[in-house]
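A.B. asks: Have a look; sequence and predicted model below, questions after that.
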Amino acid sequence: MEQSIDVSALEPPEPLEQILDALADLPAGDWLRVRHRRDPVPLYRMLKDMGYRWETVCLAPEHFEILIWPADMPQPEGAGAQDADHP
Amino acid sequence: MNLGGLSPDKAPPVEAPLTLFYLMPFFLGLAGLVLAWQGDQVMASRWAPAALATTHFLVLGALAPVMCGALLQMSPVLLGAPYPQVRLVARLTAVGLGLGGVLTGGGFLLSRPGMLLSGGGIAVAGLLVFLVGSFRALSAASGRRETLWAVRLAALALAVTIALGLTLAMVRYGWLQLPQHLRWIDMHVAWGLAGWVGLLLAGVGMEIIPLFYISPAFAAGLKRVLPFAVVFLLLLVVGLPGLAPSSSQTLWQWLVAALFVVHLSYNANALYVQRRRQRPRRDANLWLWQLSHVAVFAAFFAWYFDASDSLLGVLLLGGALSFVIGSLMKILPFLTWLDLQQRRVAGGHMQVSLPRLRALLPEALANAVAWTLGFAMAATLCGALAPYLTILGGILLIVCAVLLAYALVRAAMIRRGVIVQFSPLGQPSGGV
């Protein structure tokens, strides 16, 4: 099941703080969709160390969506197509 | 590498900037003591020993360490330009500024030229270490062109300010004699305030204000032109006596006006983008930044209407302190939290919960720092009319220094407590 958060109006490094908090609370089998105004590259190193995978799509300037799921779980089905359809 | 425009993964060890930040409250307190003790003299003349001591305590001990520390931190993050041997550079700069600042300010206060010269020499040595590190870092940098040039030219202005300051210390010691001695002092002040302080704060401000407040970007033309315009005008300031010896006073006035106009354009743009920010919440940091912008406008009017130099000095130094302390209110919890987060993830200590960002620097404490600084400035300015108010200004500055010291120590203790939890033996690991 998908969980989602919007961190696009937060100042650095609060987006990072909120995303890591959301991952800590993520129920088994769920994945996280994040809306951000930037491509949060430093997050990725942390995600890798923590055992997550991710996919980032730039939908518009200052509108990124990042899909994050545990590395031991298959990529959520239809995630890419779902990203592309988002406004 | 981008986190809202930042690259925290390139950041140096947090101890490097913190070493320098810890100097600020001590010197802020020293300046407050001089104001509370001899405030009437500070406001009576910029040449009074107490005025010179207060100024040098603030610029060498309070402003310079935080500006250098912030640059050690921001240069790799914003510009992709890490300092070589960053811990060593931070420690030597801190020792130079700490010891040199005490001796230089003390030398002025006690009218001891030997103390002043040795203090100046030590402070210069510390700043030279920082400048050598800056040269090596910034010469190889390639990120954010406009900000990079602002920082490079600010470092150049620091080098010129140091050279002029050391020359003036030798004049005071009787080793040198200069024609138009007072003009050289004005050059030292102009390169220090409009160049080193003004350029660095404007260059960094144009990056971090939109970042933290999600505001429109600064005007592209302003970002491109401002650093070069300031340095061009400052070069004219140096060449002035040779260019037009007969009309140098009139030209000097025009150059000062032009420097004000360039810096006012930045401060006006800053107020405009802050007004159009997407984050509506006002915090201590925003109050302090806006106070600094307004202070520069007030300084311009004070200069234009020929107010006393002391009044002008309080506005310009107070404005610079507002911006720098405001930035510190943002940087301190940011750096502390990021350091802990990176340690937690790298060490696989996900079971250890981290303090919230706001817990690292409670809003009430940040607000108290901002308000005491604002009231200290206001009381000191009113001291021009009623000298006893300068004493109040000094006391408020001491209170501000104590609160700032508490904020720094509190964040350090929280960080230490969390790092202890990361260690398998319950002992803090290296670099705590």
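C.D. replies: Nice, I can see it.

A.B. asks: for chain A, what spans make up the strands?
C.D. replies: When assigned using DSSP state E, the strands of chain A occupy the ranges A:2-6, A:31-36, A:52-60, A:63-70.

A.B. asks: Revised request: answer the last question for chain B.
C.D. replies: Assigned by DSSP E, the strands in chain B number zero.

A.B. asks: pLDDT below threshold where in it?
C.D. replies: For chain B, the stretches with pLDDT under 70 are B:1-11, B:241-247, B:424-432.

A.B. asks: for it, longest helix please?
C.D. replies: Scanning chain B for the helix with the most residues, using DSSP state H, yields helix B:309-347.

A.B. asks: In that helix, which residues are buried?
C.D. replies: Judged by neighbour count (16 or more other Cβ atoms under 10 Å in any protein chain shown), helix B:309-347 contains these buried residues: B:310-345. Where C-beta positions appear, they are placed from N, C-alpha and C, glycine not excepted.

A.B. asks: nearest spatial neighbour of residue 17, skipping sequence neighbours?
C.D. replies: Because you didn't say which chain, this covers chain A. For A:E17, ignoring the flanking residues on the chain, the nearest one in space by Cβ to Cβ, 6 or more residues apart in numbering or on different chains is B:L357 at 6.0 Å.

A.B. asks: ah, no, chain B please
C.D. replies: Of all residues not flanking B:P17 in the chain, B:G69 sits nearest, at 3.7 Å (Cβ to Cβ, 6+ apart).

A.B. asks: wouldn't the one you found be in contact with B:A16 here?
C.D. replies: Yes - counting by Cβ atoms under 8 Å, B:A16 is a contact partner of B:G69 at 7.3 Å.

A.B. asks: Looking at those two, which one has more neighbours?
C.D. replies: Higher neighbour count among B:G69 and B:A16: B:G69, with 26 against 23, using other Cβ atoms under 10 Å in any protein chain shown.

A.B. asks: what about the more buried one, distance to A:V7?
C.D. replies: Note on B:G69: its distance to A:V7, by Cβ to Cβ, to the nearest Å, is 28 Å.

A.B. asks: swap in B:G417?
C.D. replies: 27 Å.

A.B. asks: Out of these two, name the residue with the larger neighbour count.
C.D. replies: A count of neighbours by other Cβ under 10 Å puts A:V7 above the other of B:G417 and A:V7, at 20 against 11.

A.B. asks: Show me what from the stretch 151-300 of chain B comes close to chain A.
C.D. replies: When proximity is defined as Cβ under 8 Å from any Cβ of the partner chain, the stretch 151-300 of chain B approaches chain A at B:211-214, B:278-279.

A.B. asks: let's see it at 6 Å
C.D. replies: Residues of the stretch 151-300 of chain B lying close to chain A (Cβ under 6 Å from any Cβ of the partner chain) are B:F212.

A.B. asks: For the stretch 151-300 of chain B, which residue gets nearest to chain A?
C.D. replies: For the stretch 151-300 of chain B and chain A, the shortest gap (Cβ to the nearest Cβ) falls at B:F212, measuring 4.8 Å.

A.B. asks: Tell me how many other residues surround the closest residue to A:S8 other than its chain neighbours.
C.D. replies: Spatial nearest neighbour of A:S8, excluding adjacent residues (Cβ to Cβ, 6+ apart): A:R37 at 4.2 Å. Burial of A:R37 is recorded as 20 neighbouring residues (other Cβ under 10 Å).

A.B. asks: can you list the residues of chain A near chain B?
C.D. replies: Looking at chain B, the residues of chain A close enough under Cβ under 6 Å from any Cβ are A:11-13, A:17, A:38-42, A:46, A:49.

A.B. asks: Show me which of these are buried.
C.D. replies: A:11-13, A:17, A:38, A:40, A:42, A:46.

A.B. asks: Just give me the least confident of those.
C.D. replies: Minimum pLDDT across these is recorded for A:P42, with 72.

A.B. asks: quick one: it from B:S142, how far?
C.D. replies: Counting by Cβ to Cβ - A:P42 and B:S142 are separated by 19 Å.

A.B. asks: try B:G126
C.D. replies: Counting by Cβ to Cβ - B:G126 and B:S142 are separated by 28 Å.

A.B. asks: circling back: the residue of the stretch 151-300 of chain B closest to chain A against A:P13, yeah?
C.D. replies: No - using Cβ atoms under 6 Å, B:F212 is not in contact with A:P13, being 10.7 Å away.

A.B. asks: Neighbour count for B:G126 and B:S142, which is higher?
C.D. replies: It is B:G126, of B:G126 and B:S142, that has more neighbours when counted by other Cβ under 10 Å, with 26 against 9.

A.B. asks: could you list every residue that touches the more buried one?
C.D. replies: If you count contacts by Cβ atoms under 6 Å, 6 or more residues apart in numbering or on different chains, B:G126 has them with B:93, B:96-97, B:100.

A.B. asks: Contacts only, for B:I391.
C.D. replies: B:I391 touches B:36, B:39, counting by Cβ under 6 Å, 6+ apart.

A.B. asks: phi, psi of the residue of chain A at minimum distance from chain B?
C.D. replies: The minimum distance from chain A to chain B, using Cβ to the nearest Cβ, falls at A:P12 (4.0 Å). Backbone geometry at A:P12, expressed as degrees, to the nearest 10, gives phi -60, psi 140.

A.B. asks: Distance check, it against B:L148.
C.D. replies: When A:P12 is compared with B:L148 (using Cβ to Cβ), they lie 20 Å apart.

A.B. asks: Repeat that for B:W37.
C.D. replies: Counting by Cβ to Cβ, the separation of B:W37 from B:L148 is 43 Å.

A.B. asks: same deal with B:Q253?
C.D. replies: Counting by Cβ to Cβ, the gap from B:Q253 to B:L148 is 32 Å.

A.B. asks: OK, contacts around the closest residue to B:L109 other than its chain neighbours?
C.D. replies: Among residues not flanking B:L109 along the chain, B:A53 sits closest, at 3.7 Å (Cβ to Cβ, 6+ apart). Contacts here follow Cβ under 6 Å, 6+ apart; on that basis B:A53 touches B:34, B:105, B:108-109.

A.B. asks: how about 10 Å then?
C.D. replies: B:30-31, B:33-35, B:38, B:41-42, B:104-111, B:116 (Cβ atoms under 10 Å, 6 or more residues apart in numbering or on different chains).

A.B. asks: which of those are buried?
C.D. replies: Here, 16+ other Cβ under 10 Å leaves B:30-31, B:33-35, B:38, B:41-42, B:104-109, B:116 buried among the contacts of B:A53.
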